[in-house]
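>>> I'd like to go over a predicted model; first the sequence, then the structure.
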Amino acid sequence: MSWFSFGKKEETAPAAPKGKLVTLKVDGMTCANCVRHVGDALRGVPGVHRADVDLKKGEARVDADPNTPVDALVKAVADTGYEARPA
């Protein structure tokens with residue numbers, strides 16, 4: 001993410017993870033709406049702090065509480081119509 005200050009572009013570092021980082025491979029995404037649906041589903045799982053979805057890589061990176069089950073993340077993606085598995 002970046003922002004502009006006095007005409008100079010400033011880069012900001014990604015936020016430090018608050019819990020465990022989980023990377024999921026996600027199959028079936030073809031567009032930006034797919035990315036939004038998968039991200040919304042993951043962010044709806046209790047214990048998820050952040051979810052970033054990459055269409056090009058077919059991945060979702062999730063920052064979640066240590067006790068958040070990976071199966072819950074996979075199920076949330078599956079419930080939206082996509083296939084997910086731990087990377």
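That came through, no problem.

>>> which residues of this protein score low on pLDDT?
1-17 (pLDDT under 70).

>>> so what touches the lengthiest helix in the chain?
Taking DSSP state H as the assignment, the helix of the chain that covers the most residues is helix 32-43. With contacts defined as C-beta atoms under 8 Å, 6 or more residues apart in numbering, helix 32-43 is touched by 26, 28-29, 48, 50-55, 60, 62, 73, 76-77, 79-82, 84. Any C-beta I mention is one placed from the backbone N, CA and C, and that applies to glycine too.

>>> can you do 10 Å?
Taking C-beta atoms under 10 Å, 6 or more residues apart in numbering as the criterion, the residues outside helix 32-43 that touch it are 22, 24, 26, 28-29, 31, 48-56, 59-62, 64, 72-82, 84.

>>> take the residues you listed and keep only those in helices.
Assignment to helices by DSSP H places the following of those there: 72-79.

>>> just among the residues you listed, which is most surrounded?
With neighbours defined as other C-beta atoms under 10 Å, the most crowded of the ones in helices among the contacts of helix 32-43 is residue 77; it has 27 neighbours.
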